[in-house]
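Asker: The amino acid sequence is not available; the structure is as follows:
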């Protein structure tokens, strides 16, 4: 049976499961809509958190980044995993004990200020819209490749699916849907890894296979290093970044991740503080399954790609290559006219994604202008195809390829749903209920939340269909924004009872502005632009969130010490939050 049949079957069954759960878990109150009634078990919450956490970026892009960056890609593993540990240990139990629905709710009440709440809402909306647009684009790519529909139609289908289970169930429906989505995505990620590890190294466990030997008794990583150096790339297992920049990027990803509102809100859905700690432990274990497998998938796919395409006749290239070529995510131009694919270090098309005319050369290759003829490399490969194309490159059964498509969709849709809920609660609860119309009824607030989700999905869909040219910059900006704004305000709000509203607002505003300026200057070439040699303190834009966060903390502490202390009741509340679970535990509204 064909790939398309298996894909339609597996995707259709998974969607039917999501809809069934959404109908079963309909939300009837704002508490059920915002925090699933606060009655989710630790294991279910751990699975839902893991699915919420592992977006299309984790499922599709992370192994692709590591596949191309090698050792330097490890910053994403360390940063994202370390960020979760930071969140689980330093933030989740205390925020659960505070007992509010959202992060802006915590910041607004802790700093007794609607200005602080509004700044937090702004940050939550920026971060969430950035992420959800990326998820919708991921959905479109999966649909267009595996189900043979137009990428824009794929985005519209994804919008419809997310809208249905988000509108019906709110956090309650999303939580139990995400439990199912975790099962789908982890199964879809691990099955190809088991197959390929066994195929290449004789060891079914991918984490061990990556360090094992291949045919000829050579270690797989030594073989990949040799392939890389032969083609002019840096050794796969050696890094090129400075120690400081690796540290800065890792810390920015950690603190940015720990400040992500759609993950933090998951810890408000369990009955007790003790359950928040338990669900954090379960989630970390469940996330580790995918995160420890990603480097192995990266190594397998990189080795297979090089061996499959390098110096091979285009006329004899496998069908998977031509399938992906039609999407524009892989492309080749025969610069020397020999009919073979030269894949060597260097940008095939000056580092830009090619725009082809539909003319073909004598060997069937796409023809482009001679603007990039100087480069020896003839191949352009988008890193996002590495996980999705991996089963096809390894010639695995069609049902495995269909399973990967269903897993990619599950990862994108679960995170999109969580982000949409953050957007809707920020509007309906933190803006309307807390500031604009405090006397709004429960029913009217629920209606406002559903309208907000509907508007948010339309905006997200628009950016999924018309992605801005600087998507990569904006995604990095989301982490930087969260690190430079939310994280210091939350951590100081919990552990420094002298921190007041003046300090927190000053720190958040300066942190955001500094991060925006740096990202615009070096990612978007605004304010005069700049190159790597112009980076401040040798810090890449991806790592600058660390510096912006430190500036935020210093400004917050200094301003708070020069202005009046918070009211006594706020200081008492901070003291009670820090007492371990049990007596004095705050209730949720």
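Answerer: Received the coordinates, thanks. Because the structure is predicted, anything quoted here is derived from the model rather than measured. Numbers count the residues shown, from 1 in each chain.

Asker: For the rest of this, base every contact and every neighbour count on C-alpha atoms.
Answerer: Will do.

Asker: got the contact list for the helix or strand hosting residue 246?
Answerer: Counting by DSSP states H and E, the element that carries residue 246 is helix 243-258. Contact partners of helix 243-258, identified using CA atoms under 8 Å, 6 or more residues apart in numbering, comprise 72, 75-76, 78-84, 86-87, 91, 264, 478-484, 487, 538-540, 542-547.

Asker: mind listing the helices in the stretch 101-250 of the chain by residue range?
Answerer: 103-110, 114-146, 151-201, 206-209, 220-230, 243-258 (DSSP state H, counting those that start in this stretch).

Asker: mean confidence score for the helix or strand encompassing residue 478?
Answerer: According to DSSP H and E, residue 478 maps onto helix 471-484. Averaged across helix 471-484, pLDDT comes to 70.

Asker: I'd like the next helix or strand past it.
Answerer: Next along the chain from helix 471-484, counting by DSSP H and E, comes helix 486-495.

Asker: Show me what that following helix is packed against.
Answerer: If contacts are counted by 3 or more CA pairs under 8 Å, 6 or more residues apart in numbering; DSSP states H and E, helix 486-495 sits against helix 103-110, helix 243-258, helix 501-522, helix 544-562, helix 568-577.

Asker: Kindly reformat the ones you listed as CSV and extend each row with mean neighbour count, mean pLDDT and distance to residue 420.
Answerer: CSV is the format used below for the helices and strands packed on helix 486-495 (neighbours: other CA atoms under 10 Å; pLDDT from 0 to 100; distance: least, CA to CA, whole Å):
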stretch, mean neighbour count, mean pLDDT, distance to residue 420
helix 103-110, 24, 85, 15
helix 243-258, 24, 88, 17
helix 501-522, 23, 89, 22
helix 544-562, 22, 95, 24
helix 568-577, 16, 88, 28
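
Asker: is it possible to export those to a markdown table including distance to residue 405?
Answerer: Formatted as a markdown table, the helices and strands packed on helix 486-495 follow (distance: least, CA to CA, whole Å):
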| stretch | distance to residue 405 |
| --- | --- |
| helix 103-110 | 33 |
| helix 243-258 | 26 |
| helix 501-522 | 33 |
| helix 544-562 | 33 |
| helix 568-577 | 43 |
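
Asker: wait, which of those is closest to residue 48?
Answerer: helix 243-258 (16.6 Å; CA to CA).

Asker: relative to helix 486-495, how tilted is the closest one?
Answerer: 70 degrees (axes from the mean of the first three to the mean of the last three CA atoms, to 10 degrees).

Asker: And the next helix or strand past helix 243-258?
Answerer: As assigned by DSSP H and E, the chain's next helix or strand after helix 243-258 is helix 261-264.

Asker: For that following helix, which outside residues touch it?
Answerer: For helix 261-264, contacts defined as CA under 8 Å, 6+ apart pick out 49, 52-53, 87, 92, 102-103, 124, 128, 258, 418-419, 421-422.

Asker: tell me which of the residues you listed is nearest to residue 342?
Answerer: Ranked by distance to residue 342 (CA to CA), the contacts of helix 261-264 are led by residue 53 at 38.1 Å.

Asker: count of residues packed around residue 205?
Answerer: Residues lying near residue 205 (other CA atoms under 10 Å) number 18.

Asker: What does the pLDDT read for it?
Answerer: 91.

Asker: isn't it right up against residue 194?
Answerer: Yes - using CA atoms under 8 Å, residue 205 is in contact with residue 194, at 6.1 Å.

Asker: Find residues that contact each of these two.
Answerer: In contact with both residue 205 and residue 194: no residue, using CA under 8 Å, 6+ apart.

Asker: nearest to residue 167, of the helices and strands packed on helix 486-495?
Answerer: Closest of these to residue 167 is helix 103-110, at 21.1 Å (criterion: CA to CA).

Asker: Mind giving me the packing neighbours of the closest one?
Answerer: By 3+ CA pairs under 8 Å, 6+ apart, helix 103-110 packs against helix 114-146, helix 486-495.

Asker: Off-centre distance for that helix?
Answerer: In this view, helix 103-110 has its centroid 24 Å away from the chain centroid, taken as CA atoms, centre = their mean, to the nearest Å.

Asker: what's the answer for stretch 294-304, then?
Answerer: For stretch 294-304 - counting by CA atoms, centre = their mean - the centre lies 20 Å from the chain centre.

Asker: could we number from 15 for the rest of this?
Answerer: Understood, numbering begins at 15; the last thing we discussed is stretch 308-318.

Asker: Pull the number of nearby residues for residue 30.
Answerer: Residue 30 sits with 12 neighbouring residues when counted by other CA under 10 Å.

Asker: quick one: low-confidence ranges for the protein?
Answerer: Low-confidence regions of the chain, defined by pLDDT under 70, span residues 40-52, 114-115, 183-184, 360-389, 481-491, 594-603.

Asker: rewinding a little: of the contacts of helix 257-272, grab the buried ones for PyMOL.
Answerer: In PyMOL, this line selects whichever of the contacts of helix 257-272 come out buried by 16 or more other CA atoms under 10 Å:
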select buried, resi 86+89+90+92+93+94+95+96+97+98+100+101+105+278+492+493+494+495+496+497+498+501+553+554+556+557+558+559+560+561
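
Asker: give the contact list for the nearest residue to residue 566 once chain neighbours are set aside.
Answerer: Of all residues not flanking residue 566 in the chain, residue 521 sits nearest, at 4.2 Å (CA to CA, 6 or more residues apart in numbering). Shown in contact with residue 521 (CA under 8 Å, 6+ apart): 499, 503, 565, 566, 567, 568, 569, 570.

Asker: mind checking how far residue 18 is from residue 243?
Answerer: As judged by CA to CA, to the nearest Å, residue 18 and residue 243 stand 38 Å apart.

Asker: Also residue 58?
Answerer: The gap separating residue 58 from residue 243 is 46 Å, by CA to CA.

Asker: Could you check which of the two is surrounded by more residues?
Answerer: residue 58 (19 against 14).

Asker: Please name the nearest non-neighbouring residue to residue 150.
Answerer: With CA to CA, 6+ apart, the residue lying closest to residue 150 is residue 478, at 5.1 Å.

Asker: Secondary structure element for the one you found, which one?
Answerer: helix 456-479.

Asker: so what does that helix touch, helix or strand wise?
Answerer: helix 44-49, helix 128-160, helix 165-215, helix 412-439.

Asker: Now distance to residue 325 too, for the contacts of residue 521, in JSON lines please.
Answerer: Shown next, in JSON lines, are the contacts of residue 521 (distance: CA to CA, whole Å):
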{"residue": "499", "distance to residue 325": "49"}
{"residue": "503", "distance to residue 325": "54"}
{"residue": "565", "distance to residue 325": "51"}
{"residue": "566", "distance to residue 325": "52"}
{"residue": "567", "distance to residue 325": "53"}
{"residue": "568", "distance to residue 325": "55"}
{"residue": "569", "distance to residue 325": "57"}
{"residue": "570", "distance to residue 325": "58"}
